[in-house]
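Peer 1: What shape does this take:
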Amino acid sequence: MEALYDGYPVRDDVYDEMVADADGSIRAPYEGLRRALQSLSLEELQQRSEYVSNAYRNQGVTFDIGGEERPFPLDIVPRVIAEKDWRVAEAGVKQRVKALELFLDDIYGAGRCFIDGVLPRHVVVTSRYFYRQAFGINAHNGVRIHVAGIDLVRDAEGTFRVLEDNIRIPSGVSYVLTNRRAMGSGMPELTSNHAIRPVSDYPQKLLAALIAAAPGGERNPTVAVLTPGPYNSAYFEHSLLARMMGCELVEGRDLVARGGRVMIRTTRGLRPVHVIYRRVDDDYLDPVYFRHDSLLGCPGILNAARAGNVTIANAVGNGVADDKLLYTYVPDLIRYYLGEEPIVPNVDTWRLEDPESREEVLDRLDELVLKPVDGSGGKGIVIGPKATPAELDALRETITAKPRGWIAQPVVQLSTVPTMTDDGLRPRHVDLRPFAINSGEDVWVLPGGLTRVALQEGQLIVNSSQGGGSKDTWVLRGDGRRVRVEVRRPTGPTTVSEPQVQQRRGVAEKQEQKQPQQQAVWAGSDERC
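Peer 2: Numbering: from 1, shown residues only. You can find the predicted model right below:
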């Protein structure tokens, strides 16, 4: 273990989640991991890492980077989160999803937040992802955000902060599921010695939420996953979720809208579909209302949704909540809609529409991080301290011409976690994307979520599309130690009286009588899925 940490640097301005200080003391949640790694040499750990990479390649766990399919990098050292820390993050994610759900319902309805002055109307209506076509489209149970991905980081003090919201089409959960499976086969001595919250419930939780959103009165709804097709960078996730939920995986050409309903083309004719978990952007979803040249969606699907005959998850128009300018107002929205203080705070952010804030930011461009409000995947971000003078001059002109299009934040030194490199374990920056599922009755948060790691030294952009990798994320139960239960057998002979024998025989007979009925119920449930 000591060899793995030779030369491991610890910085005062960065929170390392495993190593507490320069003396090498280990934080409590990682003590079990440290003990498990002690028996492995650097060479053995590298061999395990190579085994996991080959397994990902063979299983087709890939991500498209620059038009090239590559195995999705999984670092062999997991990220560990203590139970008490996870409770805070989980509560903060739930709170945020509930507030954004109310916000979206409001702006596509009465607009009370504008009337009450919580935020200016132009912040919403000038957003690239605000669609007036979404008015009048409501799911049966009123849910617009069926799935959310809230990106969290830990600052220099180890405090969770929200970096951004992903309410449109959050992706990455498939890697959470496959990472756990790969770690179980590649590092079984680690997973078997820890009490870790499971992640395998996600597909069933998602399916239950989609079924709950089906048009009213439909007892056995058909659920489909709508994908842009196999050339999409996240197609692996689309096919995996459809398979694990037992749902149809369809492309736009497989669907047809007639008479206010949507149906799937099958070899036996048209079959009605009631819930569509779409992985296609709004602009390509319905060529009647959006891009007329789109071949990825289904003409007329919005009319069917407005008629209440099909539910689109996530709802059209949710992207306005992803706008990074709107992000700055979310703490106020939490106070307005829920009457609560934010549990997990935002990262400090400047709104460049404000003249005073813009002037300050323009004077400090070389110190700050500038983000386009409609960007995703880390694209368009300018990190001031690493930018050239020419890049900063061009950025200054862009901001001056269109201040609505940008926000500014301080350089947040994301927390680090030991990561496998050729030189042993070294700190690399990470973020965390917990996934939340909203059934209409409750918001459930997947324990842990997707940890993305910047594999290059000093890199702060962790996005997969920018060459980042991932880690298996462990949320511990209690102190993380797995308790072994010892079964004690009776040492002496046991006797059972005749009345007890008769009583047990009667219970057994009653159970046998109930068994056919139970089998019928289970068969009906399997058919439904």
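Peer 1: could you pull out the helices for the stretch 201-350 of the chain?
Peer 2: Using DSSP state H, counting those that start in this stretch, the helices of the stretch 201-350 of the chain run over 202-212, 235-245, 301-306, 324-327, 330-338.
Peer 1: Reformat those as JSON lines; add mean neighbour count.
Peer 2: No exception for glycine: its C-beta is placed from N, CA and C like everyone else's. Formatted as JSON lines, these follow (neighbours: other CB atoms under 10 Å):
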{"stretch": "helix 202-212", "mean neighbour count": "20"}
{"stretch": "helix 235-245", "mean neighbour count": "20"}
{"stretch": "helix 301-306", "mean neighbour count": "23"}
{"stretch": "helix 324-327", "mean neighbour count": "22"}
{"stretch": "helix 330-338", "mean neighbour count": "18"}
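Peer 1: Dump those into CSV; add distance to Ala36 as well.
Peer 2: Putting the helices of the stretch 201-350 of the chain into CSV (distance: least, CB to CB, whole Å) gives the following:
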stretch, distance to Ala36
helix 202-212, 26
helix 235-245, 29
helix 301-306, 50
helix 324-327, 39
helix 330-338, 39
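Peer 1: Can you pull out the low-pLDDT segments for the stretch 51-200 of the chain?
Peer 2: Counting by pLDDT under 70, the stretch 51-200 of the chain contains low-confidence residues at 62-70.
Peer 1: Same list (the helices of the stretch 201-350 of the chain) but as TSV, adding distance to Ala89 and mean pLDDT.
Peer 2: TSV is the format used below for those (distance: least, CB to CB, whole Å; pLDDT from 0 to 100):
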stretch	distance to Ala89	mean pLDDT
helix 202-212	17	97
helix 235-245	23	95
helix 301-306	33	96
helix 324-327	17	96
helix 330-338	15	98
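Peer 1: looking at those helices, which is closest to Gly158?
Peer 2: helix 330-338 (20.5 Å; CB to CB).
Peer 1: distance between the closest one and the chain's centre?
Peer 2: 22 Å (CA atoms, centre = their mean, to the nearest Å).
Peer 1: What of stretch 467-485?
Peer 2: With CA atoms, centre = their mean as the basis, stretch 467-485 stands 17 Å off its chain's centre.
Peer 1: Please spell out which residues along that stretch are buried.
Peer 2: Buried residues in stretch 467-485, counted by 16 or more other CB atoms under 10 Å: 467-477, 480.
Peer 1: got it, and stretch 81-101?
Peer 2: Neighbour counts using 16+ other CB under 10 Å place 81-83, 85-86, 89-90, 92-101 of stretch 81-101 among the buried residues.
Peer 1: Kindly report the same for stretch 258-272.
Peer 2: For stretch 258-272, by 16+ other CB under 10 Å, it's 261-264.
Peer 1: Tell me the gap between it and the middle of its chain.
Peer 2: How far stretch 258-272 lies from its chain's middle: 31 Å, per CA atoms, centre = their mean.
Peer 1: which other helices and strands contact the strand ranked longest in the chain?
Peer 2: When the chain is parsed with DSSP state E, its longest strand is strand 469-481. Strand 469-481 sits against strand 74-81, helix 83-107, helix 173-186, strand 194-196, strand 450-453, with contacts defined as 3 or more CB pairs under 8 Å, 6 or more residues apart in numbering; DSSP states H and E.
Peer 1: and the angle for the first one with strand 469-481?
Peer 2: Strand 74-81 and strand 469-481 are oriented at 40 degrees to each other (axes from the mean of the first three to the mean of the last three CA atoms, to 10 degrees).
Peer 1: repeat for the second one
Peer 2: For helix 83-107 against strand 469-481, the angle between stretch directions is 130 degrees (the same axes, to 10 degrees).
Peer 1: I'd like to check the angle between helix 83-107 and helix 330-338, please.
Peer 2: With the same axes, to 10 degrees defining the directions, helix 83-107 sits at 70 degrees from helix 330-338.
Peer 1: Toward the C-terminus, what is the element adjacent to helix 83-107?
Peer 2: helix 112-115 (DSSP states H and E).
Peer 1: quick one: buried residues of that following helix?
Peer 2: Across helix 112-115, burial judged by 16+ other CB under 10 Å covers 113-114.
Peer 1: Which members of the buried residues of stretch 258-272 define the maximum pairwise distance?
Peer 2: Spatially, the most separated pair among those is Arg261 and Ile264, at 11.0 Å (CB to CB).
Peer 1: Now do the same for Ala148: helix, strand or coil?
Peer 2: Put simply, Ala148 is strand when judged by DSSP: H, G, I helix; E, B strand; the rest coil.
Peer 1: Adjust the sequence numbering to begin at 44 for everything that follows.
Peer 2: OK, 44 is where the count begins now, so the last one is Ala191.
Peer 1: Setting aside sequence-adjacent positions, which residue approaches it most closely?
Peer 2: The shortest distance from Ala191 to any non-neighbouring residue, by CB to CB, 6 or more residues apart in numbering, is to Ala479 (4.5 Å).
Peer 1: Quick one: residues contacting Ala251.
Peer 2: Applying CB atoms under 8 Å, 6 or more residues apart in numbering, we find Ala251 in contact with Ser482.
Peer 1: Roughly how far does it sit from Val318?
Peer 2: 11 Å (CB to CB, to the nearest Å).
Peer 1: next one: Val140
Peer 2: 19 Å.
Peer 1: for Ile212, same thing?
Peer 2: Look at Ile212 and Val318: by CB to CB, they are 15 Å apart.
Peer 1: In terms of neighbours, single out the busier of these two.
Peer 2: Between Ile212 and Val318, Val318 has the larger neighbour count (other CB atoms under 10 Å), namely 28 against 20.
Peer 1: My guess is that one contacts Ala257. True?
Peer 2: Yes - with contact defined as CB atoms under 8 Å, Val318 reaches Ala257; the gap is 5.1 Å.
Peer 1: okay, and for the stretch 444-572 of the chain, where does confidence drop off?
Peer 2: Short version for the stretch 444-572 of the chain, where the test is pLDDT under 70: 507-509, 526-572.
Peer 1: repeat that with 90
Peer 2: 455-456, 463-469, 498-512, 521-572 (pLDDT under 90).
Peer 1: count of residues packed around Asp244?
Peer 2: Asp244 has 14 nearby residues by other CB under 10 Å.
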